[in-house]
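Colleague: attaching a predicted model along with its sequence, questions to come.
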Amino acid sequence: MTDASETAKQLRPGLWETVNERYPGSMITKVDLVPLAPLRKPLSQTRLTFVSSAGVQPRDSLPFDVVHPVGDFTFRRVPSSSTPADLEIHQIKYPTGGAARDLNVIFPVDRLSELAADGTIGGLTPNFFSFIGYTIDPTGFERTLAEALADAVAAEGAEAVLLCPA
Amino acid sequence: MQRAIERRGIPTVSVTVARDVTERAKPPRALFVPFMMGHHFGVPFHRALQRRVLLAALERLELAERSGEIATLPVTWAEARRQGDAIERELGLKR
(Lines give C-alpha, C1' and ligand atoms only; values in the text may rest on other atoms or scores of the structure.)
Protein backbone atom coordinates (compact mmCIF):
# COMPACT_ATOMS: atom_id res chain seq x y z
CA MET A 1 0.00 0.00 0.00
CA THR A 2 2.90 2.34 0.74
CA ASP A 3 4.37 3.08 -2.62
CA ALA A 4 7.63 5.05 -2.50
CA SER A 5 6.94 6.87 -5.76
CA GLU A 6 3.53 7.92 -4.49
CA THR A 7 5.09 9.20 -1.27
CA ALA A 8 7.62 11.23 -3.21
CA LYS A 9 4.84 12.92 -5.11
CA GLN A 10 3.31 14.15 -1.86
CA LEU A 11 6.34 16.01 -0.48
CA ARG A 12 9.70 16.95 -1.95
CA PRO A 13 12.28 14.32 -0.89
CA GLY A 14 14.33 15.56 2.05
CA LEU A 15 11.99 18.43 2.89
CA TRP A 16 10.83 16.74 6.07
CA GLU A 17 14.37 16.44 7.38
CA THR A 18 15.18 20.02 6.36
CA VAL A 19 12.22 21.43 8.25
CA ASN A 20 13.13 19.34 11.28
CA GLU A 21 16.71 20.64 11.24
CA ARG A 22 15.59 24.25 11.16
CA TYR A 23 12.69 23.81 13.59
CA PRO A 24 13.55 20.78 15.73
CA GLY A 25 10.54 18.72 16.70
CA SER A 26 8.09 20.64 14.55
CA MET A 27 7.21 17.70 12.34
CA ILE A 28 5.64 14.70 14.05
CA THR A 29 7.22 11.29 13.59
CA LYS A 30 5.80 8.46 15.69
CA VAL A 31 7.30 5.01 15.95
CA ASP A 32 4.62 3.30 18.03
CA LEU A 33 1.07 2.39 17.06
CA VAL A 34 -2.02 2.97 19.20
CA PRO A 35 -4.11 -0.22 19.65
CA LEU A 36 -7.43 -0.10 17.78
CA ALA A 37 -10.48 0.66 19.92
CA PRO A 38 -13.31 -1.54 18.62
CA LEU A 39 -16.51 -0.21 17.09
CA ARG A 40 -19.04 -1.53 19.59
CA LYS A 41 -22.21 -1.29 17.47
CA PRO A 42 -23.06 -1.26 13.77
CA LEU A 43 -22.48 2.16 12.15
CA SER A 44 -26.25 2.53 11.77
CA GLN A 45 -26.49 2.64 15.57
CA THR A 46 -23.29 4.58 16.24
CA ARG A 47 -23.23 8.25 17.29
CA LEU A 48 -20.54 10.01 15.28
CA THR A 49 -18.64 13.21 15.85
CA PHE A 50 -16.42 15.16 13.49
CA VAL A 51 -13.08 16.77 14.38
CA SER A 52 -11.50 19.22 11.96
CA SER A 53 -8.23 21.14 11.95
CA ALA A 54 -9.41 23.38 9.13
CA GLY A 55 -10.24 26.40 11.31
CA VAL A 56 -13.96 26.26 10.54
CA GLN A 57 -15.94 27.97 13.29
CA PRO A 58 -19.32 29.57 14.05
CA ARG A 59 -19.49 33.11 12.75
CA ASP A 60 -19.93 34.60 16.22
CA SER A 61 -17.03 32.73 17.90
CA LEU A 62 -13.58 34.14 18.68
CA PRO A 63 -11.45 33.75 15.53
CA PHE A 64 -8.50 31.37 15.73
CA ASP A 65 -5.15 33.14 16.08
CA VAL A 66 -3.68 32.28 12.69
CA VAL A 67 -0.47 34.29 13.25
CA HIS A 68 0.42 32.95 16.69
CA PRO A 69 4.15 32.08 16.57
CA VAL A 70 3.74 28.75 18.39
CA GLY A 71 0.18 27.83 17.39
CA ASP A 72 -3.34 28.44 18.73
CA PHE A 73 -4.00 25.62 21.23
CA THR A 74 -7.72 26.35 21.63
CA PHE A 75 -10.69 24.60 20.06
CA ARG A 76 -14.26 25.58 19.20
CA ARG A 77 -17.46 23.59 19.36
CA VAL A 78 -19.45 23.70 16.14
CA PRO A 79 -23.13 22.69 16.46
CA SER A 80 -23.73 19.68 14.21
CA SER A 81 -26.98 21.33 13.13
CA SER A 82 -25.00 24.23 11.58
CA THR A 83 -25.38 25.05 7.93
CA PRO A 84 -22.44 26.33 5.85
CA ALA A 85 -23.95 29.84 6.12
CA ASP A 86 -23.47 29.71 9.92
CA LEU A 87 -19.75 29.02 9.60
CA GLU A 88 -16.57 30.74 8.49
CA ILE A 89 -12.92 29.74 8.12
CA HIS A 90 -10.03 31.23 10.08
CA GLN A 91 -6.95 29.45 8.82
CA ILE A 92 -4.42 30.36 6.16
CA LYS A 93 -2.49 27.14 5.67
CA TYR A 94 -4.46 25.54 2.86
CA PRO A 95 -6.29 26.67 -0.30
CA THR A 96 -9.92 27.54 0.42
CA GLY A 97 -11.09 27.99 -3.17
CA GLY A 98 -13.41 25.01 -3.04
CA ALA A 99 -14.60 25.65 0.51
CA ALA A 100 -15.53 29.24 -0.37
CA ARG A 101 -18.10 27.89 -2.83
CA ASP A 102 -19.13 24.74 -0.98
CA LEU A 103 -17.92 24.30 2.60
CA ASN A 104 -18.68 20.58 2.37
CA VAL A 105 -15.39 19.97 0.54
CA ILE A 106 -13.53 20.52 3.85
CA PHE A 107 -16.26 20.49 6.53
CA PRO A 108 -19.07 18.24 5.26
CA VAL A 109 -21.89 19.33 7.62
CA ASP A 110 -24.60 18.79 5.01
CA ARG A 111 -23.39 15.33 3.99
CA LEU A 112 -23.01 14.21 7.64
CA SER A 113 -26.56 15.39 8.42
CA GLU A 114 -27.79 13.38 5.43
CA LEU A 115 -26.00 10.24 6.67
CA ALA A 116 -27.70 10.67 10.05
CA ALA A 117 -31.09 11.40 8.47
CA ASP A 118 -31.01 8.36 6.19
CA GLY A 119 -29.87 6.03 8.97
CA THR A 120 -26.41 5.21 7.58
CA ILE A 121 -25.07 6.32 10.96
CA GLY A 122 -26.94 6.26 14.25
CA GLY A 123 -26.71 10.01 14.70
CA LEU A 124 -24.42 12.95 15.32
CA THR A 125 -23.23 14.42 18.60
CA PRO A 126 -24.77 17.84 19.37
CA ASN A 127 -21.41 19.47 18.62
CA PHE A 128 -18.48 18.90 16.30
CA PHE A 129 -14.97 20.10 17.18
CA SER A 130 -12.67 22.48 15.40
CA PHE A 131 -9.12 23.76 15.83
CA ILE A 132 -6.21 24.90 13.66
CA GLY A 133 -3.52 22.37 13.05
CA TYR A 134 -0.45 24.47 12.60
CA THR A 135 2.07 24.39 15.45
CA ILE A 136 5.80 24.68 15.90
CA ASP A 137 5.50 22.73 19.18
CA PRO A 138 3.77 19.41 18.51
CA THR A 139 4.79 18.05 21.91
CA GLY A 140 3.07 20.95 23.69
CA PHE A 141 0.13 20.55 21.32
CA GLU A 142 -0.19 16.87 22.24
CA ARG A 143 0.05 17.52 25.98
CA THR A 144 -2.54 20.30 26.02
CA LEU A 145 -4.93 20.72 23.10
CA ALA A 146 -4.99 17.05 22.02
CA GLU A 147 -5.78 15.86 25.55
CA ALA A 148 -8.37 18.60 26.21
CA LEU A 149 -10.11 17.97 22.90
CA ALA A 150 -10.07 14.18 23.38
CA ASP A 151 -11.71 14.67 26.80
CA ALA A 152 -14.33 16.94 25.24
CA VAL A 153 -15.06 14.40 22.49
CA ALA A 154 -15.54 11.65 25.08
CA ALA A 155 -17.78 13.91 27.22
CA GLU A 156 -19.87 14.72 24.16
CA GLY A 157 -20.91 11.06 23.95
CA ALA A 158 -19.16 10.25 20.68
CA GLU A 159 -19.06 6.54 19.85
CA ALA A 160 -16.90 7.01 16.75
CA VAL A 161 -14.90 9.92 15.39
CA LEU A 162 -14.16 11.12 11.88
CA LEU A 163 -11.18 13.46 11.70
CA CYS A 164 -10.07 15.72 8.92
CA PRO A 165 -6.48 16.93 9.30
CA ALA A 166 -6.43 19.91 6.95
CA MET B 1 -5.12 14.23 18.29
CA GLN B 2 -6.53 11.10 16.73
CA ARG B 3 -4.30 8.89 18.83
CA ALA B 4 -5.39 10.70 22.03
CA ILE B 5 -9.05 10.01 21.21
CA GLU B 6 -8.46 6.37 20.31
CA ARG B 7 -6.65 5.91 23.63
CA ARG B 8 -9.93 6.84 25.35
CA GLY B 9 -11.51 3.77 23.76
CA ILE B 10 -13.34 5.59 20.97
CA PRO B 11 -12.65 4.31 17.43
CA THR B 12 -11.35 6.97 15.03
CA VAL B 13 -10.64 7.40 11.34
CA SER B 14 -9.12 10.31 9.47
CA VAL B 15 -9.29 11.47 5.88
CA THR B 16 -5.89 12.61 4.67
CA VAL B 17 -4.56 14.27 1.53
CA ALA B 18 -0.94 13.89 2.70
CA ARG B 19 0.04 10.26 2.79
CA ASP B 20 3.62 10.94 3.88
CA VAL B 21 2.54 13.03 6.88
CA THR B 22 0.06 10.31 7.87
CA GLU B 23 2.70 7.60 7.55
CA ARG B 24 4.84 9.51 10.04
CA ALA B 25 2.08 10.53 12.46
CA LYS B 26 0.69 6.95 12.54
CA PRO B 27 -2.98 7.50 13.35
CA PRO B 28 -4.90 4.25 14.05
CA ARG B 29 -7.00 4.35 10.85
CA ALA B 30 -6.83 6.58 7.80
CA LEU B 31 -8.21 6.96 4.30
CA PHE B 32 -5.93 8.65 1.78
CA VAL B 33 -7.61 10.67 -0.96
CA PRO B 34 -5.32 12.06 -3.68
CA PHE B 35 -6.97 15.48 -3.68
CA MET B 36 -5.70 19.03 -3.34
CA MET B 37 -5.12 20.37 0.18
CA GLY B 38 -8.31 21.82 1.60
CA HIS B 39 -10.46 19.59 -0.61
CA HIS B 40 -10.53 16.34 1.38
CA PHE B 41 -14.13 15.54 0.45
CA GLY B 42 -13.78 16.43 -3.21
CA VAL B 43 -15.03 19.32 -5.25
CA PRO B 44 -17.86 21.85 -4.78
CA PHE B 45 -21.43 20.65 -5.34
CA HIS B 46 -20.34 17.05 -6.07
CA ARG B 47 -22.55 15.52 -3.40
CA ALA B 48 -22.05 11.94 -4.56
CA LEU B 49 -18.27 12.20 -4.29
CA GLN B 50 -18.45 13.96 -0.91
CA ARG B 51 -20.69 11.16 0.34
CA ARG B 52 -18.45 8.50 -1.18
CA VAL B 53 -15.39 9.83 0.69
CA LEU B 54 -17.35 9.86 3.94
CA LEU B 55 -18.61 6.30 3.46
CA ALA B 56 -15.17 5.01 2.48
CA ALA B 57 -13.71 6.58 5.62
CA LEU B 58 -16.45 5.27 7.92
CA GLU B 59 -16.06 1.82 6.39
CA ARG B 60 -12.53 1.73 7.82
CA LEU B 61 -14.09 1.75 11.30
CA GLU B 62 -15.58 -1.64 10.45
CA LEU B 63 -12.89 -3.11 8.22
CA ALA B 64 -9.47 -1.95 9.46
CA GLU B 65 -7.59 -4.87 10.97
CA ARG B 66 -4.30 -3.29 12.04
CA SER B 67 -3.49 0.06 13.60
CA GLY B 68 -1.65 2.33 11.21
CA GLU B 69 -3.32 1.01 8.05
CA ILE B 70 -3.86 3.63 5.34
CA ALA B 71 -6.53 2.79 2.77
CA THR B 72 -6.68 4.62 -0.56
CA LEU B 73 -9.76 5.90 -2.37
CA PRO B 74 -9.40 4.86 -6.03
CA VAL B 75 -10.25 8.25 -7.54
CA THR B 76 -7.98 10.84 -9.12
CA TRP B 77 -8.12 14.60 -8.59
CA ALA B 78 -8.44 15.04 -12.35
CA GLU B 79 -11.54 12.81 -12.41
CA ALA B 80 -13.02 14.63 -9.44
CA ARG B 81 -12.52 18.03 -11.06
CA ARG B 82 -13.89 16.85 -14.41
CA GLN B 83 -17.02 15.51 -12.73
CA GLY B 84 -17.30 18.67 -10.63
CA ASP B 85 -17.08 20.87 -13.72
CA ALA B 86 -19.86 18.86 -15.39
CA ILE B 87 -22.06 19.20 -12.30
CA GLU B 88 -21.44 22.96 -12.14
CA ARG B 89 -22.36 23.31 -15.81
CA GLU B 90 -25.57 21.38 -15.17
CA LEU B 91 -26.37 23.65 -12.24
CA GLY B 92 -25.72 26.69 -14.40
CA LEU B 93 -22.82 27.79 -12.19
CA LYS B 94 -20.26 27.42 -14.96
CA ARG B 95 -20.39 27.63 -18.73
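Modeller: Sure thing, it's come through.

Colleague: and the helices in the chain?
Modeller: Defaulting to chain A. Assigned by DSSP state H, the helices in chain A fall at A:4-10, A:15-22, A:97-101, A:109-117, A:138-141, A:147-155.

Colleague: if you could check chain B rather than the one you did, that'd help
Modeller: Going by DSSP H, chain B shows helices at B:2-6, B:19-25, B:47-63, B:77-90.

Colleague: residue contacts, the most centrally placed residue in chain B?
Modeller: Centroid-nearest residue in chain B, with Cα atoms, centre = their mean: B:V15, separated by 4.0 Å. Residues near B:V15 by Cβ atoms under 8 Å, 6 or more residues apart in numbering or on different chains: A:162-164, B:30-31, B:33, B:40-41, B:53, B:57. C-betas here are computed from N, CA, C, even on glycine.

Colleague: among the residues you listed, which lie within strands?
Modeller: Among those, DSSP state E puts A:162-164, B:30-31 in strands.

Colleague: please identify the most buried of the helices of chain B.
Modeller: Stretch with highest mean neighbour count among these: helix B:2-6 (a mean of 23; mean count of other Cβ atoms under 10 Å in any protein chain shown).

Colleague: elements contacting that helix?
Modeller: Helices and strands touching helix B:2-6, by 3 or more Cβ pairs under 8 Å, 6 or more residues apart in numbering or on different chains; DSSP states H and E, are helix A:147-155, strand A:160-164, strand B:12-16.

Colleague: run through who's touching it.
Modeller: For helix B:2-6, the external contacting residues (Cβ under 8 Å, 6+ apart) are A:30, A:34-37, A:51, A:142, A:146-147, A:149-150, A:153-154, A:161, A:163, A:165, B:12, B:14, B:26-28.

Colleague: then stretch A:56-75?
Modeller: So stretch A:56-75 is contacted by A:55, A:76, A:78-79, A:82, A:86-92, A:103, A:106-107, A:129-132, A:134-137, A:140-141, A:144-145, A:148-149, A:152 (Cβ under 8 Å, 6+ apart).

Colleague: can you report how many residues neighbour A:G14?
Modeller: 8 (other Cβ atoms under 10 Å in any protein chain shown).

Colleague: next: the one 4 residues further on.
Modeller: Burial of A:T18, expressed as a neighbour count using other Cβ under 10 Å, amounts to 11.

Colleague: next one: the helix or strand of chain B with the lowest mean pLDDT to chain centre, how far?
Modeller: Least confident helix or strand of chain B, by mean pLDDT, DSSP states H and E, is helix B:19-25 with a mean of 90. In terms of Cα atoms, centre = their mean, to the nearest Å, the centre of helix B:19-25 is set 14 Å apart from its chain centre.
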